[in-house]
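1. The following comprises the amino acid sequence and a computationally predicted model.
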Amino acid sequence: MAPPSKLFVVVAIAFFLTIPTNAFDYSLQQSLSPSSQPSTQNFDVPQNVPKIDVPSENVPSFVKASMVGTMSKTKEFIQNVIEKRLAFSAKMDHYHKDCLETCKEVYEDAIDAMKKAIQDVEEENFYKANIDIGAMYSFIETCHDCIVDTNEKDDPAFQRFQKWAQGIASDCLEKVTKEYYKN
(Lines give C-alpha, C1' and ligand atoms only; values in the text may rest on other atoms or scores of the structure.)
Protein backbone atom coordinates (compact mmCIF):
# COMPACT_ATOMS: atom_id res chain seq x y z
CA MET A 1 0.00 0.00 0.00
CA ALA A 2 1.23 3.52 -0.80
CA PRO A 3 2.35 5.71 2.09
CA PRO A 4 -0.30 8.26 3.17
CA SER A 5 1.65 11.21 1.74
CA LYS A 6 1.82 9.63 -1.74
CA LEU A 7 -1.84 8.73 -1.57
CA PHE A 8 -2.64 12.34 -0.61
CA VAL A 9 -0.67 13.63 -3.62
CA VAL A 10 -2.51 11.31 -5.99
CA VAL A 11 -5.92 12.28 -4.60
CA ALA A 12 -5.12 16.01 -4.62
CA ILE A 13 -3.78 15.96 -8.17
CA ALA A 14 -6.81 13.99 -9.31
CA PHE A 15 -9.05 16.61 -7.68
CA PHE A 16 -7.39 19.46 -9.58
CA LEU A 17 -7.30 17.70 -12.91
CA THR A 18 -10.81 16.26 -12.97
CA ILE A 19 -12.75 19.48 -12.69
CA PRO A 20 -14.99 19.58 -15.77
CA THR A 21 -13.81 21.85 -18.55
CA ASN A 22 -17.22 23.47 -18.86
CA ALA A 23 -17.39 24.47 -15.21
CA PHE A 24 -16.79 28.11 -16.02
CA ASP A 25 -17.50 30.27 -19.02
CA TYR A 26 -14.40 32.17 -19.98
CA SER A 27 -15.64 34.05 -22.98
CA LEU A 28 -13.06 35.91 -24.96
CA GLN A 29 -14.05 39.35 -23.76
CA GLN A 30 -11.59 41.52 -25.58
CA SER A 31 -12.00 44.83 -27.31
CA LEU A 32 -13.16 43.13 -30.48
CA SER A 33 -16.38 43.85 -32.28
CA PRO A 34 -19.02 41.14 -31.72
CA SER A 35 -18.90 40.06 -35.37
CA SER A 36 -15.13 39.57 -35.28
CA GLN A 37 -15.06 37.87 -31.90
CA PRO A 38 -14.07 34.20 -31.95
CA SER A 39 -16.34 31.51 -30.61
CA THR A 40 -16.58 31.17 -26.86
CA GLN A 41 -13.87 29.04 -25.32
CA ASN A 42 -14.54 27.55 -21.92
CA PHE A 43 -11.85 27.39 -19.29
CA ASP A 44 -12.32 26.04 -15.82
CA VAL A 45 -10.92 27.42 -12.62
CA PRO A 46 -12.04 25.67 -9.46
CA GLN A 47 -14.06 27.89 -7.18
CA ASN A 48 -14.66 27.54 -3.48
CA VAL A 49 -12.04 24.84 -3.13
CA PRO A 50 -12.32 23.75 0.50
CA LYS A 51 -9.29 24.39 2.64
CA ILE A 52 -7.62 21.14 3.53
CA ASP A 53 -6.22 20.89 7.02
CA VAL A 54 -2.93 19.14 6.48
CA PRO A 55 -0.92 17.64 9.31
CA SER A 56 2.57 19.15 9.37
CA GLU A 57 4.22 15.97 8.07
CA ASN A 58 2.13 16.23 4.88
CA VAL A 59 3.02 19.83 4.00
CA PRO A 60 5.40 18.74 1.22
CA SER A 61 2.69 16.51 -0.24
CA PHE A 62 0.10 19.29 -0.03
CA VAL A 63 2.39 21.84 -1.68
CA LYS A 64 3.45 19.40 -4.39
CA ALA A 65 -0.14 18.47 -5.22
CA SER A 66 -1.23 22.11 -5.19
CA MET A 67 1.63 23.22 -7.41
CA VAL A 68 1.20 20.35 -9.90
CA GLY A 69 -2.51 21.11 -10.24
CA THR A 70 -1.92 24.85 -10.49
CA MET A 71 0.80 24.38 -13.13
CA SER A 72 -1.64 22.35 -15.20
CA LYS A 73 -4.39 24.95 -14.91
CA THR A 74 -1.95 27.77 -15.66
CA LYS A 75 -0.79 26.03 -18.84
CA GLU A 76 -4.43 25.55 -19.85
CA PHE A 77 -5.16 29.22 -19.17
CA ILE A 78 -2.22 30.34 -21.30
CA GLN A 79 -3.35 28.10 -24.14
CA ASN A 80 -7.13 28.56 -23.92
CA VAL A 81 -7.34 32.23 -23.05
CA ILE A 82 -4.14 34.19 -23.61
CA GLU A 83 -2.94 32.53 -26.82
CA LYS A 84 -6.45 32.56 -28.31
CA ARG A 85 -6.71 36.27 -27.63
CA LEU A 86 -3.24 36.89 -29.04
CA ALA A 87 -4.39 35.17 -32.23
CA PHE A 88 -6.69 38.17 -32.72
CA SER A 89 -4.03 40.74 -31.82
CA ALA A 90 -4.38 42.47 -35.19
CA LYS A 91 -7.74 43.79 -33.99
CA MET A 92 -6.48 45.20 -30.69
CA ASP A 93 -4.35 48.14 -29.76
CA HIS A 94 -0.70 47.63 -28.87
CA TYR A 95 -1.36 48.10 -25.12
CA HIS A 96 -3.70 45.11 -25.01
CA LYS A 97 -1.36 43.01 -27.12
CA ASP A 98 1.66 43.93 -24.95
CA CYS A 99 -0.36 43.15 -21.83
CA LEU A 100 -1.34 39.71 -23.10
CA GLU A 101 2.26 38.97 -24.05
CA THR A 102 3.35 40.11 -20.57
CA CYS A 103 0.74 37.88 -18.96
CA LYS A 104 1.87 34.89 -20.99
CA GLU A 105 5.49 35.53 -20.00
CA VAL A 106 4.83 36.02 -16.28
CA TYR A 107 2.50 33.01 -16.12
CA GLU A 108 5.29 30.92 -17.65
CA ASP A 109 7.61 32.39 -15.00
CA ALA A 110 5.02 31.44 -12.37
CA ILE A 111 5.12 27.85 -13.65
CA ASP A 112 8.91 27.85 -13.25
CA ALA A 113 8.52 29.17 -9.69
CA MET A 114 6.02 26.37 -8.94
CA LYS A 115 8.50 23.77 -10.21
CA LYS A 116 11.17 25.23 -7.93
CA ALA A 117 8.74 25.23 -4.98
CA ILE A 118 8.06 21.52 -5.51
CA GLN A 119 11.78 20.80 -5.50
CA ASP A 120 12.22 22.96 -2.38
CA VAL A 121 9.57 21.15 -0.34
CA GLU A 122 10.87 17.76 -1.46
CA GLU A 123 14.25 18.84 -0.04
CA GLU A 124 12.42 20.25 3.02
CA ASN A 125 13.87 23.69 2.32
CA PHE A 126 10.79 25.58 3.48
CA TYR A 127 12.56 28.94 3.49
CA LYS A 128 13.30 28.67 -0.24
CA ALA A 129 9.84 27.23 -0.91
CA ASN A 130 8.36 30.31 0.73
CA ILE A 131 10.36 32.53 -1.62
CA ASP A 132 9.40 30.56 -4.73
CA ILE A 133 5.69 30.42 -3.86
CA GLY A 134 5.85 34.15 -3.12
CA ALA A 135 7.41 34.67 -6.57
CA MET A 136 4.57 32.69 -8.14
CA TYR A 137 2.08 34.94 -6.33
CA SER A 138 3.96 38.03 -7.54
CA PHE A 139 3.98 36.86 -11.17
CA ILE A 140 0.22 36.34 -11.09
CA GLU A 141 -0.18 39.82 -9.58
CA THR A 142 1.99 41.34 -12.34
CA CYS A 143 -0.48 40.12 -14.96
CA HIS A 144 -3.38 41.49 -12.92
CA ASP A 145 -1.70 44.90 -12.75
CA CYS A 146 -1.28 44.87 -16.52
CA ILE A 147 -4.93 43.97 -17.09
CA VAL A 148 -6.03 46.79 -14.77
CA ASP A 149 -3.77 49.25 -16.62
CA THR A 150 -5.49 48.41 -19.92
CA ASN A 151 -8.89 49.28 -18.41
CA GLU A 152 -9.93 45.61 -18.57
CA LYS A 153 -10.00 45.19 -14.78
CA ASP A 154 -13.40 43.52 -14.94
CA ASP A 155 -12.24 40.83 -17.38
CA PRO A 156 -13.83 37.71 -15.84
CA ALA A 157 -11.28 35.25 -17.24
CA PHE A 158 -8.29 36.96 -15.68
CA GLN A 159 -10.17 38.01 -12.55
CA ARG A 160 -11.26 34.44 -11.69
CA PHE A 161 -7.94 32.88 -12.58
CA GLN A 162 -5.97 35.41 -10.56
CA LYS A 163 -8.20 35.02 -7.52
CA TRP A 164 -8.00 31.21 -7.69
CA ALA A 165 -4.23 31.00 -8.28
CA GLN A 166 -3.44 33.49 -5.55
CA GLY A 167 -5.73 31.58 -3.17
CA ILE A 168 -3.74 28.41 -3.84
CA ALA A 169 -0.48 30.32 -3.34
CA SER A 170 -1.76 31.81 -0.07
CA ASP A 171 -2.74 28.38 1.27
CA CYS A 172 0.66 26.96 0.36
CA LEU A 173 2.51 29.96 1.80
CA GLU A 174 0.61 29.61 5.07
CA LYS A 175 1.52 25.94 5.42
CA VAL A 176 5.14 26.38 4.32
CA THR A 177 5.65 29.32 6.70
CA LYS A 178 4.26 27.35 9.63
CA GLU A 179 6.50 24.43 8.75
CA TYR A 180 9.55 26.69 8.47
CA TYR A 181 8.98 28.30 11.87
CA LYS A 182 8.21 24.93 13.44
CA ASN A 183 11.70 23.68 12.64
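-> Great, that's in hand. Residues are numbered from 1 along each chain as shown.
2. okay, CA-based contacts and neighbour counts for the rest of this
-> Noted.
3. in this structure, what secondary structure element scores lowest on mean pLDDT?
-> One helix or strand of the chain scores below all others by mean pLDDT, DSSP states H and E: helix 4-17, with a mean of 50.
4. How many residues are close by residue 141?
-> Using other CA atoms under 10 Å, the number of residues around residue 141 comes to 19.
5. Would you agree it is in contact with residue 163?
-> No. The pair residue 141 and residue 163 does not pass the contact test of CA atoms under 8 Å, sitting 9.6 Å apart.
6. elements contacting the helix or strand hosting residue 119?
-> Element membership for residue 119, per DSSP states H and E: helix 94-122. For helix 94-122, the packing partners by 3 or more CA pairs under 8 Å, 6 or more residues apart in numbering; DSSP states H and E come out as helix 59-77, helix 83-86, helix 126-149.
7. Flag every buried residue along it.
-> 96-97, 99-104, 106-111, 113-122 (16 or more other CA atoms under 10 Å).
8. same deal with stretch 172-183?
-> Quick answer for stretch 172-183 (16+ other CA under 10 Å): 172-173, 175-176, 179-180.
9. now for these, which pair is the farthest apart?
-> 172 and 180 (12.0 Å; CA to CA).
10. Extract the residue ranges of the protein that are flagged as low pLDDT.
-> Counting by pLDDT under 70, the chain has low-confidence residues at 1-57, 153, 183.
11. who's in contact with residue 60?
-> Going by CA atoms under 8 Å, 6 or more residues apart in numbering, residue 60 touches 118, 121-122, 124.
12. how about a cut-off of 7 Å?
-> The neighbourhood of residue 60, defined by CA atoms under 7 Å, 6 or more residues apart in numbering, consists of 121-122.
13. How about residue 66?
-> residue 168.
14. how close does it get to residue 78?
-> 18 Å (CA to CA, to the nearest Å).
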